[in-house]
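Visitor: Could you look at this predicted model? Sequence included:
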Amino acid sequence: MAGGAAAPRALVALDADGAADKINLMPQDFFAELCEQIIQHLNHKFPGVNTAELCQRMQTSGIEINVGDLEKIANIISFLFSTAARNGLSTEELVTTLGNAVSTLPKHAVQVIRHVWNERGKSISVSEDARSMATVGQFVDIKWKLGVAVSSDSCRSLKYPYVTVMLKVVDPSGQITDKSFEMTIPQFQNFFRQFKEMAAVLETV
């Protein structure tokens, strides 16, 4: 089996980090949704895996799991799928590897992985370009709003206008994260000027 050495490494991490125990807490539908998002991300159809949103929904349903644990599970399953794709594993080879490497993985998780890989696994293409891009975070969305400072480290006086910028970024592991920061009006104007300069350069390419 071509992926016999690489795939168990992900599964050993799954066992050693206690992630298999956390998967036990996840109902089948939530685990299936996570696996589906991972597959879609690997197929470049989703910008990333939104573990924060999924975690919030799970917690609302009464499931005790934190976003760090969910990110750990997502990273390991993502590595498992991408390694299996790179090594051309069939569904049965992947399931055999799962069974041999981790005895603590719940039955419903193995069933989900089998189903998702059987339905979607062949569509994953792990190209060199995709692998090199995966080392850099990717921008997804930007929002901004104008406000008035009540208290701020960068604004000396109250009632001073400021701009809050909210970015949605996919980190190298494929997780969607939200970043936000405040700027004074002069800082925002400089920020805007730099974007205009970038746009002007891009028009000449």
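Guide: Perfect, I can see it now.
Visitor: Please parse the chain into its domains.
Guide: Domains of the chain are assigned by automatic domain parsing as 6-132, 136-203.
Visitor: Highest mean neighbour count out of these?
Guide: Highest mean neighbour count among the domains of the chain (mean count of other CB atoms under 10 Å): domain 6-132, with a mean of 17. In this view, the C-beta of every residue, glycine as well, is placed from N, C-alpha and C.
Visitor: and that one, how far from the chain's centre?
Guide: 11 Å (CA atoms, centre = their mean, to the nearest Å).
Visitor: Low-confidence ranges, the protein, go.
Guide: Scanning the chain for pLDDT under 70 picks out 1-19, 99-104, 125-139, 149-159, 171-175, 205.
Visitor: Show the residue spans covered by the strands in it.
Guide: Under the criterion DSSP state E, the chain contains strands at 138-148, 161-170, 176-184.
Visitor: Save those strands as TSV, and put in distance to Glu71 too.
Guide: TSV is the format used below for these (distance: least, CB to CB, whole Å):
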stretch	distance to Glu71
strand 138-148	17
strand 161-170	13
strand 176-184	9
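Visitor: closest one to Met26 among those strands?
Guide: When these are compared for distance to Met26 using CB to CB, the nearest one is strand 176-184, at 18.7 Å.
Visitor: The closest one: how far from the chain's middle?
Guide: 18 Å.
Visitor: And the contacts of it?
Guide: 47-52, 140, 152, 154-155, 160, 162-171, 191 (CB atoms under 8 Å, 6 or more residues apart in numbering).
Visitor: if we go to 6 Å?
Guide: 48, 50, 154, 162-171 (CB atoms under 6 Å, 6 or more residues apart in numbering).
Visitor: mind listing what it pairs with, with the direction of each?
Guide: Applying DSSP bridges to the sheet, strand 176-184 is found paired with strand 161-170 (antiparallel).
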